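S.K.: from the sequence below, what's the structure:
(one chain, ligands or ions: 2)
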Amino acid sequence: MRGTRLDALVVGAGFSGLYALHRLRAVGLAARLVERGGGVGGTWYWNRYPGARCDIESVDYQFSFSPELLAEWQWTERYAAQPEILAYLEFAADRLDLYRDIELSTSVTSARYDEERGRWQVTTDRGDHDARFLVLAVGNLSTPKPPPFPGLERFAGEWYVTARWPEEPVDLRGKRVGVIGTGSTGIQVITVTAAVADELWVFQRTPNYSMPAHNGPLDPELQREVKRTFASRRHMAERAEAGVPFPAPEKAARDVGEEERRRMYEEGWARGGINSLSYAFTDFHSDEFANATGAEFTREKIRGIVRDADVAELLSPAHHIGTKRTCVDTGYYEVYNRPNVHLVDIRSAPIEEITPRGIRTAAAEHELDVIVFAIGFDAMTGPFLDIDLRGRGGVMLRERWADGPRTYLGLTVAAFPNLFLVTGPGSPGVLSNMVVSIEQHVDWLADCIASMRAGGLEVIEATPEAEEEWVAHVAELAGATLYPQAGSWYVGANVPGKPRVFMPYVGGCGRYRAECDEVARAGYRGFLLSRARQFTSG
Ligand code: FAD
Ligand code: N01
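M.R.: Ligands and ions are numbered 1, 2, ... in the order given. This next block holds a predicted model:
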């Protein structure tokens, strides 16, 4: 088994894979890309559910590397909807002439590192590839959780998983719809569906904090200004904690009085967006008091919007705000004032089964025409572990990560030479504007490969010591915050049996970038680099 001989194989055609293919070509590699979906776009190809849109402002949630793309593309809204982001990625693939090296409707099933030849043998469901470098741009929210409820096969109505929403339109008008899940996805589906469904039943296990989007058409003048100043805007985002171009907070919550705190939160709420409140104070994610002020402010807002006090109470989250990804909405809490929307608390009365007629909880049976599963993803590790990956000596990634993922810089794994992960565990990706993290990761790995080629080197591999140190560093940073305390997908708590390890790097995009740059400047410190099988320490 050898297959098509390549310098690099990229897996995944979302933001990450498209940019990786472009950059690897630019450094002179014969590269190809394989993608499971029938089109490019990744997240934005699969998540066609009603209400899907970004929670980072459109003008920041786009590529920065190409002046041509930037000049030509016009965003229509402050937060673009899924069809527009998908169209943007198709436009980018077209303009960058990527399609000729993309194989769609193709899944990588396994990849084995051949030590003798220093190459990856990759198996797909449509043929094999033989590549020097393997770039897994497989996403971290791309393996949806299958519905775990007994009886689903007997349900007489229609049912949909949000991240596998069909391409043909689904008509929810006049139907009795049940939505399970109130994360970012559920909140978007619920808000839009409430206006069209006859009756909407929301099955909520845990409420989430949601900030107003204040979405609307993008002012053309503002867009022109953004284009004109884009380089400095992106430069600021790249050095900020969350990859967005806002100045870092300067004060701790205790440094200001209650009145001033409230004023700052009100200002944030009026501005809207995912960082409405969290950008107020330096210690928002690390100090109990600071965090409690933001959480209580939001709960007050919920009580102010939702007229039924019992429903408002049920919608009020108890976890530390921001330690699960904060949602962004357009009228979410308001939908609970509608007579056709019913909140079902499945914390106190869990779902027992799906019946032919609907959903039965421990308290009642709800008759439904449609069930929507917005129950999330096997996040961060799922897409990597779905592939049977074997490194040096046949070691399996599934075994190496049995107690939780281990990476060096979130980009590489010891014993898996010439393998690069994009936004892997141990990277700041999921806590940031992902496009900013993706561009940084891809630039770093492409520069690394270019520098290897310039030096006549063929193999790069993280040392176990460097990996160990990085894992400890990621855990230490997280331990100084409130993040690990939440039962979130960041710690694997949403998938039964998954190791409870806090996976993202919480030090922020700016610090992470500096650390990666320093590793490169020091001759790829923490890596072994070799010509053939003769290693030289980096
Ligand atoms: P993806 O877009 O997930 O692409 C990975 C691709 O790899 C997929 O198409 C998948 O089919 C393919 N793939 C996986 N495994 C295989 C395999 N074995 N073989 C072949 N192909 C494979 N982030 C933000 O920063 N801001 C936002 O506003 C935002 N909104 C989001 C909204 C939704 C609904 C979701 C689910 C996520 C959102 N995210 C957001 C996160 C989002 O995933 C990233 O912003 C970004 O789109 C990820 O790009 P990617 O290329 O890394 O991964
Ligand atoms: O998934 P989630 P998501 N029985 O895991 C519930 C990004 N994103 O798809 O919390 C009953 O957050 C679960 O309840 P609980 C963003 O990064 C962004 O919504 O486990 N309920 C929860 O309510 C986001 O964080 C946007 O108690 C079950 C929900 O389902 C990430 O993707 C839009 C259950 C899952 O929430 C994932 O978001 C969409 C069960 N067995 C996604 N299992 C933007 O706006 C799960 N739940 C940009």
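S.K.: give me the neighbour count for the residue nearest to C509 when sequence neighbours are not counted.
M.R.: Nearest-residue entry for C509: G243, 4.6 Å, with adjacent residues in sequence omitted and distances by Cβ to Cβ, 6 or more residues apart in numbering. C-beta coordinates here come from the backbone N, C-alpha and C atoms, glycine included. By other Cβ atoms under 10 Å, 29 other residues sit near G243.
S.K.: so is G243 in a helix, a strand, or just coil?
M.R.: Per DSSP: H, G, I helix; E, B strand; the rest coil, the secondary structure class of G243 is coil.
S.K.: contacting residues for it?
M.R.: G243 makes contacts with 56, 60, 237, 428, 432-437, 509, as judged by Cβ atoms under 8 Å, 6 or more residues apart in numbering.
S.K.: tally of neighbours for the closest residue to ligand 1 within the stretch 51-200 of the chain?
M.R.: Nearest residue of the stretch 51-200 of the chain to ligand 1: G139, at 2.2 Å (Cβ to the nearest ligand atom). Using other Cβ under 10 Å, G139 has 28 neighbouring residues.
S.K.: one step back: can you give me phi and psi for the residue nearest to C509?
M.R.: Main-chain torsions, G243, degrees, to the nearest 10: phi 70, psi 20.
S.K.: pLDDT at it, what is it?
M.R.: Here, the pLDDT recorded for G243 equals 97.
S.K.: so how far is H22 from it?
M.R.: Using Cβ to Cβ, to the nearest Å, G243 is found at 20 Å from H22.
S.K.: which residues does the residue of the stretch 101-250 of the chain found nearest ligand 2 contact?
M.R.: For the stretch 101-250 of the chain, the residue closest to ligand 2 is G183, as judged by Cβ to the nearest ligand atom, at 2.3 Å. Listed by Cβ under 8 Å, 6+ apart, the contact partners of G183 are 208, 324-325, 327, 374, 376.
S.K.: just put those in a markdown table and tack on distance to Q485, neighbour count and pLDDT.
M.R.: Formatted as a markdown table, those follow (distance: Cβ to Cβ, whole Å; neighbours: other Cβ atoms under 10 Å; pLDDT from 0 to 100):
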| residue | distance to Q485 | neighbour count | pLDDT |
| --- | --- | --- | --- |
| N208 | 16 | 21 | 98 |
| K324 | 10 | 23 | 97 |
| R325 | 15 | 19 | 96 |
| C327 | 19 | 20 | 98 |
| A374 | 24 | 24 | 99 |
| G376 | 19 | 20 | 98 |
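S.K.: nearest to V11, of the residues you listed?
M.R.: The shortest gap between V11 and any of the contacts of G183 belongs to G376, at 22.1 Å (Cβ to Cβ).
S.K.: thinking again about what came up before, just give me the closest of the contacts of G243 to P484.
M.R.: Within the contacts of G243, the smallest distance to P484 is 15.3 Å, found for P428 (Cβ to Cβ).
S.K.: for the contacts of G243, name the two members farthest from one another.
M.R.: D60 and P428 (15.5 Å).
S.K.: those two: who's more crowded?
M.R.: The neighbour comparison of D60 against P428 (other Cβ under 10 Å) goes to P428, with 28 against 20.
S.K.: surely that one is in contact with M503?
M.R.: No - the pair P428 / M503 is not scored as a contact, 10.8 Å apart, by Cβ atoms under 8 Å.
S.K.: what parts of the stretch 1-150 of the chain come near ligand 2?
M.R.: Residues of the stretch 1-150 of the chain lying close to ligand 2 by Cβ under 6 Å from any ligand atom are 54-55, 141, 148.
S.K.: rerun that using 8 Å as the cut-off
M.R.: When proximity is defined as Cβ under 8 Å from any ligand atom, the stretch 1-150 of the chain approaches ligand 2 at 47, 52-56, 141, 144-145, 147-149.
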